[in-house]
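Trainee: missing the sequence, but the structure's below:
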Ligand SMILES: Cc1cc2nc3c(=O)[nH]c(=O)nc-3n(C[C@H](O)[C@H](O)[C@H](O)COP(=O)(O)OP(=O)(O)OC[C@H]3O[C@@H](n4cnc5c(N)ncnc54)[C@H](O)[C@@H]3O)c2cc1C
Ligand code: SF4
């Protein structure tokens, strides 16, 4: 951990301003990801801006009939919220499938969206990694890749995004609300929020330097059957090999987003028309263009079979 | 005292304290956080500075240059010692990899520097400022690829288990060729990490030439000897102290870099230094259970009797290393006239492979007991019946050598009954519950019982209390408690009157903790010292020692009864002795046995395997404390589930290192993975083993579990996976089509 300075921001706009003033500054929310990365010197911020006391910890109804989730709402509180459990079951289940009770008590909505990859080579500073050190190369390609991406990856990076929550939010078409240093706010659809690695895997989101997430809004409830199925090597406390977030309607139509397969939550809206024709057809369309490695090709089969299981359950 | 004839009756047989399920006497200290582990011993040395160990970033090659200028100038830094500052250090007797010094890099995360600073954060920070230039060399990192170059090799783990390089009885090839039913399959087990909770940690302080290390070590005498050897100083100048240990599983049997670098750092800094190895260093800097590739051939008649059995195992290690003795149980577990076992060793440039809980048997039984399941199916026999038909009461290689006790058949029968084995369908893939396929599996458990010389000192105080001192360690197993129980039983005292002090090299040398020999051996040493103390007490009080009874804090004979404390006088009364062993272990085969039973559910769509129920029935001599013994067994069963389903150090075969070097990447079972576990101990005493009539159980609990899980997966799905761990990707393509 490099030495750093610390301040507690007074307001969201103030936080964004402070961040743009200081190059290399980072917001700190729950700290469950950032602090680990700082200890390993994978993140080396010179300045931390604590955003925990900005009053961004409320869950409120929106005029449209949806929900607005403050950026600092803890994962535990979000998963326990009665409206979330009732109307957005996929999100509650995704949250509870993530990390551990202790971590969820600290982890925040914004921090969860922005958690960084669990690629093992990213974590080993003796290894080249384009995400950690742009231009140094990618040690994962040709190495141990069982956990890594099967679709949307690049020659520069094959990492996945580890969040469960974000996968459910992608299925729900959530919108990320932000404020910038000049006080301007914007709304970023979650589909545009996380980026594919391309040539610049270190640029992970659409956020600009110093831009602060203030909330995530959910559109009005979709109804239907909500499922989040996380498949992993042990029963709990592990990142997904593949996860499926699904909202399935009575007529068999629905939405599907995948975790564990790409650099961002993976959803192909056009492919969802295939859902009523079954998991095989739908997953073939969702994972069209996949380029797995020898070690992780099983994820294609796994995704299809997991979706089949989810659809079978939805049919009851 | 020498134990060379089978035990007759002795005070332990009273079982007033021994054999009772008493709580751990160190439990309150541990649950309140007041049992200080190595890194927490803030009071033992003044002015403790913090050390941080830097590991090499290459798998093989040389360090060309290290630039430490920035690190030395960093805030708080007191000293920086690099591997280029000294020639390669000597090596302890139990070490394969060199621990420090010189330019050569033998394996990834080999220690190349220690930074000492005022705070941990400063030390860590400065370590990251060291710039190291390497010359990489190609390494041998792929066991399967090195197989053709592997050589026959014998092994002696030093903690008792071992096997010759090749061992033949009868004519295996001839009998196998003639056998009516045969099996010839290859099984593999991965590299595994001990993943104990407490990292390797040491505080070191010098006083002139004298060095004290407060550390975390299973084997005090080995550690002291090997630290002295490594540093090139006389062993008398080293004191090792390790009263509390947060798990070891074999990872702390041997001297590791933490003790060496704390000592070097302290010397350089002129201050006491504390340091702990980070998680990544535990995977790549210390030792691991090496991967194996095992070929098993079994031939049997249609009656199920084995006529030919061969087990050959390949593993790899650094130069001067040893093979994993995965074939050792196959020499003893089943009858059969024609036998072959062989060990092959390939040179690998991965980190050092070495003992991990039940070295040899744990991975060996994962293969053998799966092969037995397969063979039973080929014979059309129930797997339990197949094992019973091939039971042997004598060493199959030396018929004149009986087992001292062998209740394997009883374990299997009782287990079958208690587990509801009759509900298992002999045809796999038959039982379905919703989306889950359910199956039952079993395996025999086997682990040799080793006895080791062990000493203790017992002091009687004027108030009638007793203090036991021995360098025995308690690695979470319950040594404190069973030693106290032993002394209480021998001296006729309640448990509260006994104080136990462990883990200090100033105390008499004990067996230490390893190879499941610690419980029986160390208490036998305490028994010996107590016998001596009883004699001294009797002498002082004027009793005939053969007649004196020690009970209720009194010494009694005839009508006379004297408080025990009276014998102590002002100065107290001390006796010291050790238990040594004659040739009973040669004349009798001493082993422990278990029947392991597992029910699993495999998800029909995803192939996830979840264990639902487990049972172990153990025959392991007298159980000194059923509560701590049960803890040992359920912990070992849990580890067996890990080995079966998830644990694997993933090798980067290009760069030569274990990639998943933290507890997020190296998965061990969590609570949700471990369902109902039951343990049954057969009522057994083994007078051939020791006066305690006990044996080990701490490793027996893992031996066979992996195969029982694998066999249950097969019973659930009809799919055989011979390559551990059985992760879902190995099942997925063969699971039934989904609707
Ligand atoms: C052992 C372990 C297991 C885990 N398992 C899972 C799992 O199974 N599934 C899963 O989904 N997650 C898992 N996690 C990750 C966990 O969910 C994240 O660490 C957590 O959600 C991050 O939230 P935080 O508030 O602590 O973020 P921080 O660590 O505080 O911040 C993370 C990043 O977000 C930035 N940030 C924070 N708030 C804002 C804001 N308002 N605006 C802009 N930027 C901001 C920070 O600058 C930082 O870069 C695991 C974590 C650990 C340690
Ligand atoms: S996959 Fe991405 S994160 Fe992993 S090593 Fe390559 S560049 Fe780094």
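Mentor: All right, it came through fine. In this text, all values refer to a predicted model and were calculated from it rather than measured experimentally. Ligands and ions are numbered 1, 2, ... in the order given.
Trainee: okay, CA-based contacts and neighbour counts for the rest of this
Mentor: Fine.
Trainee: residues from the stretch 1-150 of chain A in reach of chain B?
Mentor: With CA under 8 Å from any CA of the partner chain as the criterion, the stretch 1-150 of chain A comes near chain B at residues A:1, A:2, A:120, A:121, A:126, A:127, A:143, A:144.
Trainee: Pull the number of nearby residues for the third one.
Mentor: For residue A:120, the tally of surrounding residues (other CA atoms under 10 Å in any protein chain shown) stands at 22.
Trainee: swap in residue B:669?
Mentor: 21.
Trainee: What residues does it make contact with?
Mentor: By CA atoms under 8 Å, 6 or more residues apart in numbering or on different chains, the contact list for residue B:669 reads A:234, B:638, B:639, B:641, B:642, B:646.
Trainee: How much space separates the spatially closest residue to the last one that is not a sequence neighbour from residue B:641?
Mentor: It refers to residue B:646. Nearest non-adjacent residue to residue B:646, counting by CA to CA, 6 or more residues apart in numbering or on different chains: residue B:725, 5.4 Å away. From residue B:725 across to residue B:641, the span is 9 Å (CA to CA, to the nearest Å).
Trainee: In this structure the residue nearest to residue B:646 contacts residue B:649, no?
Mentor: No - between residue B:725 and residue B:649 there is no contact, the gap being 10.5 Å when judged by CA atoms under 8 Å.
Trainee: of the two, who's got more company?
Mentor: The neighbour comparison of residue B:725 against residue B:649 (other CA under 10 Å) goes to residue B:649, with 25 against 21.
Trainee: who touches the more buried one in this structure?
Mentor: Shown in contact with residue B:649 (CA under 8 Å, 6+ apart): B:190, B:191, B:192, B:193, B:658, B:659, B:660, B:661, B:666.
Trainee: which helix in the chain runs the most residues?
Mentor: Answering for chain A, as no chain was given. As assigned by DSSP state H, the longest helix anywhere in chain A is helix A:298-315.
Trainee: looking at chain B here, not the other one
Mentor: Of all segments of type helix in chain B, defined using DSSP H, the longest is helix B:518-541.
Trainee: packing partners for that one?
Mentor: Helices and strands touching helix B:518-541, by 3 or more CA pairs under 8 Å, 6 or more residues apart in numbering or on different chains; DSSP states H and E, are strand B:454-460, helix B:479-491, strand B:573-581.
Trainee: distance between the second one and the chain's centre?
Mentor: Here helix B:479-491 shows a centroid-to-chain-centroid distance of 23 Å under the convention CA atoms, centre = their mean, to the nearest Å.
Trainee: And the contacts of the helix or strand just after it?
Mentor: Counting by DSSP states H and E, the next helix or strand C-terminal to helix B:479-491 is strand B:498-502. With contact meaning CA under 8 Å, 6+ apart, strand B:498-502 is reached by B:242-243, B:465-474, B:480, B:483-484, B:487-488.
Trainee: Correct me if wrong, but residue B:415 is in a helix.
Mentor: Yes - when DSSP: H, G, I helix; E, B strand; the rest coil is applied, residue B:415 is found to be in a helix.
Trainee: can you pull the contacts of it?
Mentor: Counted by CA under 8 Å, 6+ apart, residue B:415 has contacts B:421, B:595, B:596, B:597, B:615, B:616, B:617.
Trainee: before we move on, what about residue A:231?
Mentor: Residues in contact with residue A:231 (CA under 8 Å, 6+ apart) are A:240, A:241, A:242, A:243, A:306, B:606, B:608.
Trainee: where does it fall, phi/psi-wise?
Mentor: phi -110, psi 130 (degrees, to the nearest 10).
Trainee: For it, give the beta-bridge partners.
Mentor: residue A:242 (DSSP bridges).
Trainee: What residue in the stretch 301-450 of chain B comes nearest to chain A?
Mentor: With CA to the nearest CA as the measure, residue B:435 is the residue of the stretch 301-450 of chain B nearest to chain A, at 8.0 Å.
Trainee: pLDDT value on that residue, please?
Mentor: Looking at residue B:435, its pLDDT stands at 94.
Trainee: Was I right to think it contacts residue B:607?
Mentor: No - Residue B:435 lies out of contact with residue B:607 (CA under 8 Å); the separation is 10.4 Å.
Trainee: If you count surrounding residues, which of the two has more?
Mentor: residue B:607 (28 against 15).
Trainee: how far away is that one from residue B:260?
Mentor: 46 Å.
Trainee: quick one: residue A:91 is in a helix?
Mentor: Yes - assessed with three-state DSSP, residue A:91 lies in a helix.
Trainee: ok, and the closest non-adjacent residue to it?
Mentor: Using CA to CA, 6+ apart and skipping residues adjacent in sequence, the residue nearest residue A:91 is residue A:168, 5.1 Å away.
Trainee: Check the secondary structure at the one you found for me.
Mentor: With three-state DSSP as the basis, the three-state label of residue A:168 is helix.
Trainee: Surely it and residue A:96 touch.
Mentor: No - judged on CA under 8 Å, residue A:168 makes no contact with residue A:96 at a distance of 11.5 Å.
Trainee: out of those two, which sits in the busier spot?
Mentor: Shown here are residue A:168 and residue A:96; by other CA under 10 Å, residue A:168 has more neighbours (32 against 20).
Trainee: residue contacts, the more buried one?
Mentor: Residues near residue A:168 by CA under 8 Å, 6+ apart: A:90, A:91, A:94, A:228, A:245, A:246, A:257.
Trainee: tell me which parts of the stretch 601-739 of chain B are close to chain A?
Mentor: B:605-606, B:608, B:610, B:645-646, B:650-654, B:659-660, B:664-665, B:667, B:669-670, B:672-673, B:727-729, B:732-733, B:738-739.
Trainee: Just the buried subset of those, please.
Mentor: Among those, those scoring as buried are B:605-606, B:608, B:610, B:645-646, B:650-654, B:659-660, B:665, B:667, B:669, B:673, B:727-729, B:732 (criterion: 16 or more other CA atoms under 10 Å in any protein chain shown).
Trainee: The residues you listed in strands, which ones?
Mentor: Per DSSP state E, strands hold the following members of these: B:610, B:651, B:652.
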